[in-house]
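>>> What would the 3D arrangement of this be:
(2 chains)
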Amino acid sequence: MGLFFHIGRYASFLRSVLRRPEKASVFRRLLAEEMAAIGLQSLGIVALLSVFMGAVICIQTAHQIGGWIPVYTIGFTVRQTMILEFSPTLIPVILAGKVGSNIASQLGTMRVTEQIDALEIMGVNSAGHLVLPKMLAALICIPFLVILSMGLGIGAGAWVAVSAGLSSMADFEYGMRIDFNAFDVTYALLKTCVFALIISSVSAYHGYHTSGGALEVGRSSTKAVVYAVVIVMIANLLLTQMLLG
Amino acid sequence: MIEIHRLSKSFGDQRVLHDISATFHPGKVNFIIGRSGSGKSVMTKCTVGLLEPDHGHVSYDGRDFTAMDRVGRKAVRQEIGMLFQGSALFDSMTVEENVMFPLRMFADHSEAEMRDRAAFCLERVELPHAAAKYPSELSGGMQKRVGIARAIAMNPKYLFCDEPNSGLDPQTSIVIDNLIGDLTAEFNMTTVVVSHDMNSVMEASDFIHFVHQGHIAWHGPSDDLLHAEHPELEAFIFASKLMKKVRSNPPANP
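Numbers count the residues shown, from 1 in each chain, chains lettered A, B, ... in the order given. Next up, the predicted model:
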């Protein structure tokens, strides 16, 4: 019963969010602010995690292969792992923690301090005004972060492979190019776009519907991250089956 | 004029408002008073559309607000200003941006015109030098005054104030009360104030509705309040020692 209630309320919430913005100039300004908050402020964490993950995948692969498995497999594995799963899935999961909790706590605080009521009283569609710029900013920025993550992860893998003597640059590059399917990148970016919408809308839904005080804001923030991650994982399975199965 | 006709509201099994009817007069400060949990905030939220009543109608100058679609309500809401209990200022914006916000959203003014209007509103609430500050840099009373400046920015016909004096010292409360009274008269607004602060009621009210257990238990002009013969209202008014002293030693008429 609770699940159906939330699905219905989420659908109704999205309908309010997707209404035409009140004023284009205000919307553009909000979008720019959200892009800075979601995109620019996540650059550091995405870069750091991607570099370390690319390096770790390289070392693990080198450790696993031996004898009859060719060395170029290191480059191949780093590329495939970063493009197919790490960047398009784990980066959004990390962003669900960072961006999602931020969105939920921001909206939750605005709700409990009556700022959302103030918008409604003025005649502003509060859901659209507050959430649509966040969703659009996530849809624009997160795929760019994922592309950056792919590049940095593969680059870090190559650097570790060569500097630690696990593989030559030529072998790594050969493995990186072998059996490359451009659709893998399309698949990864399609997934990322869906995940971006899930993270932003689910977090916003939980924050927007907070009631109570500071304690509930914290609870909403936690719920937002947990639900966003679970839904991302379910969507990951479904999309992978649909696109690659 | 705002008219409420047979308004009912329940939350689950708990009925909060029971067929409430009331009229709020233009150019007057209309108070809704009552104990905590009596239903006065729910009544106000139903009146402005933040809550949907189960039954009943609310009309603004003859326009049935409860029967309106989203677009109709939006038009009426642009004629409403509201001061919230916690001020509800947008904390990411400066004071000036807060006051300009409704203008930016709905008025086709130039930037200079919006700044002029914000300056006028801030001047009116005696905060001309606070424009560049953020809400967190202001005292509670100053935040309330900025809330009033934002509420009057669009020249509203109706002003709602939810517990305007909560958390304020008595002297600052009087400043806010006087400001609400002056602005009501100056702009001929229909002002509705929700309060349980008897000092404020005595200071600023023209007309009073006393809400008790979801009913309008008493209503009338503020001059009649102290002579009203209603046990719950008497218990509410004379709850404090100060008011008990006022009753036993009424001040001599000047």
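
>>> what is B:Ile20 paired to in the beta sheet?
Under DSSP bridges, the beta-bridge partners of B:Ile20 are B:Leu7.

>>> Also the one 4 residues further on?
Here B:Phe24 sits in beta bridges with B:Ile2, as judged by DSSP bridges.

>>> Show the contacting residues for it.
Contact partners of B:Phe24, counting by C-beta atoms under 8 Å, 6 or more residues apart in numbering or on different chains, are B:Met1, B:Ile2, B:Glu3, B:Ile4, B:Asn30, B:Thr190, B:Thr191, B:Val192, B:Phe207. (C-beta placed from N, C-alpha, C; glycine too.)

>>> so does stretch A:214-223 get close to chain B?
No - no part of stretch A:214-223 sits near chain B under the criterion C-beta under 8 Å from any C-beta of the partner chain; the closest distance found is 12.6 Å.

>>> Kindly export that stretch (C-alpha atoms) in PDB.
C-alpha atoms of stretch A:214-223 as PDB (Å, rounded to 0.1, in the frame of the first residue of the first chain):
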ATOM      1  CA  ALA A 214      15.700  19.000  11.600                       C
ATOM      2  CA  LEU A 215      15.600  15.300  12.500                       C
ATOM      3  CA  GLU A 216      13.300  14.600   9.600                       C
ATOM      4  CA  VAL A 217      15.500  16.600   7.300                       C
ATOM      5  CA  GLY A 218      18.300  14.200   8.200                       C
ATOM      6  CA  ARG A 219      16.000  11.200   7.700                       C
ATOM      7  CA  SER A 220      14.900  12.400   4.400                       C
ATOM      8  CA  SER A 221      18.400  12.900   3.300                       C
ATOM      9  CA  THR A 222      19.300   9.300   4.300                       C
ATOM     10  CA  LYS A 223      16.200   7.900   2.700                       C
END
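
>>> now that stretch, how far from the chain's geometric center?
21 Å (C-alpha atoms, centre = their mean, to the nearest Å).

>>> how near is B:Val71 to chain A?
B:Val71 sits 10 Å away from chain A, going by C-beta to the nearest C-beta, to the nearest Å.

>>> Would you list the buried entries among the contacts of B:Phe24?
Buried by 16 or more other C-beta atoms under 10 Å in any protein chain shown: B:Ile2, B:Glu3, B:Ile4, B:Asn30, B:Thr190, B:Thr191, B:Val192, B:Phe207, out of the contacts of B:Phe24.

>>> As a check, name the ranges of all helices in the chain.
As the question left the chain open, I've gone with chain A. Taking DSSP state H as the criterion, chain A contains helices spanning A:2-17, A:24-38, A:43-64, A:73-81, A:91-95, A:101-112, A:115-122, A:126-163, A:169-177, A:182-208, A:214-244.

>>> let's do chain B instead
Assigned by DSSP H, the helices in chain B fall at B:40-48, B:70-77, B:95-106, B:111-124, B:140-152, B:170-187, B:198-204, B:231-237, B:241-248.

>>> rewinding a little: of the buried ones among the contacts of B:Phe24, closest to chain A?
When the buried ones among the contacts of B:Phe24 are compared for distance to chain A, the smallest value, 12.5 Å, is given by B:Val192; criterion: C-beta to the nearest C-beta.

>>> surely the closest one meets B:Phe160?
Yes - using C-beta atoms under 8 Å, B:Val192 is in contact with B:Phe160, at 5.0 Å.

>>> okay, and the common contacts of those two?
Common neighbours of B:Val192 and B:Phe160 (criterion: C-beta under 8 Å, 6+ apart): B:Thr44, B:Thr47.

>>> just for the stretch 51-200 of chain B, where's the confidence low?
For the stretch 51-200 of chain B, no stretch has pLDDT under 70.

>>> OK, contacts around the residue nearest to the spatial centre of chain A?
Chain A has A:Pro92 as the residue nearest its centroid, 2.3 Å off, counting by C-alpha atoms, centre = their mean. Contacts of A:Pro92 were listed using C-beta under 8 Å, 6+ apart, and they are A:Ile142, A:Val146, A:Thr192, A:Phe195, A:Ala196, A:Ile199, A:Val232.

>>> same question, B:Arg150
Neighbour list for B:Arg150: B:Gly81, B:Leu89, B:Asn98, B:Val99, B:Phe101, B:Pro102, B:Cys121 [criterion: C-beta under 8 Å, 6+ apart].

>>> if you set the cut-off to 6 Å instead, what comes out?
Residues in contact with B:Arg150 (C-beta atoms under 6 Å, 6 or more residues apart in numbering or on different chains) are B:Asn98, B:Val99.

>>> what about A:Gly245, distance to A:Leu237?
The spacing between A:Gly245 and A:Leu237, counted by C-beta to C-beta, to the nearest Å, is 10 Å.

>>> now swap in A:Ala182 and tell me
Taking C-beta to C-beta as the criterion, A:Ala182 is separated from A:Leu237 by 23 Å.

>>> same question, B:Ala107
Here B:Ala107 is placed at a distance of 50 Å from A:Leu237 (C-beta to C-beta).

>>> Looking at the two, which is more packed in?
Comparing B:Ala107 with A:Leu237 by neighbour count (other C-beta atoms under 10 Å in any protein chain shown), the higher total belongs to B:Ala107, at 16 against 10.

>>> Phi and psi next, for the more buried one.
phi -100, psi 150 (degrees, to the nearest 10).

>>> quick one on the thing from earlier: highest average neighbour count across the helices of chain B?
Mean neighbour counts were compared across the helices of chain B using mean count of other C-beta atoms under 10 Å in any protein chain shown; the top stretch is helix B:140-152, at a mean of 25.

>>> relative to helix B:170-187, how tilted is that one?
Angle, helix B:140-152 to helix B:170-187, by axes from the mean of the first three to the mean of the last three C-alpha atoms, to 10 degrees: 10 degrees.

>>> shouldn't B:Val99 be in contact with B:Phe120?
No - taking contact to mean C-beta atoms under 6 Å, the distance of 9.4 Å between B:Val99 and B:Phe120 leaves them out of contact.

>>> just checking, A:Tyr208 touches A:Thr109?
No - contact status for A:Tyr208 versus A:Thr109: not in contact, 11.3 Å apart, counting by C-beta under 6 Å.

>>> neighbour count winner among the two?
More crowded of A:Tyr208 and A:Thr109, by other C-beta under 10 Å: A:Tyr208, with 23 against 18.

>>> Next up, phi/psi of B:Ser36, please.
Backbone dihedrals for B:Ser36, given as degrees, to the nearest 10, come out at phi -60, psi 130.

>>> So for it, what pLDDT did the model give?
In the prediction, the pLDDT value recorded for B:Ser36 is 85.

>>> And for B:His227?
At B:His227 the predicted local distance difference test score is 77.

>>> give me the number of residues near it?
Applying other C-beta under 10 Å, we find 7 other residues in the vicinity of B:His227.

>>> Kindly report the same for A:Leu243.
A:Leu243: 14 surrounding residues under other C-beta under 10 Å.

>>> and if you look at B:Met154?
Look at B:Met154: counted by other C-beta under 10 Å, it has 21 neighbours.

>>> Can you pull the phi/psi pair for it?
The main-chain torsion angles of B:Met154 are listed as degrees, to the nearest 10 and equal phi -90, psi 20.

>>> The nearest residue to it once chain neighbours are set aside: what's it in contact with?
Leaving aside its sequence neighbours, B:Met154 sits nearest to B:Pro102 (C-beta to C-beta, 6 or more residues apart in numbering or on different chains; 4.9 Å). Remark: with contacts taken as C-beta under 6 Å, 6+ apart, B:Pro102 is in contact with A:Met122, B:Ala153, B:Met154.
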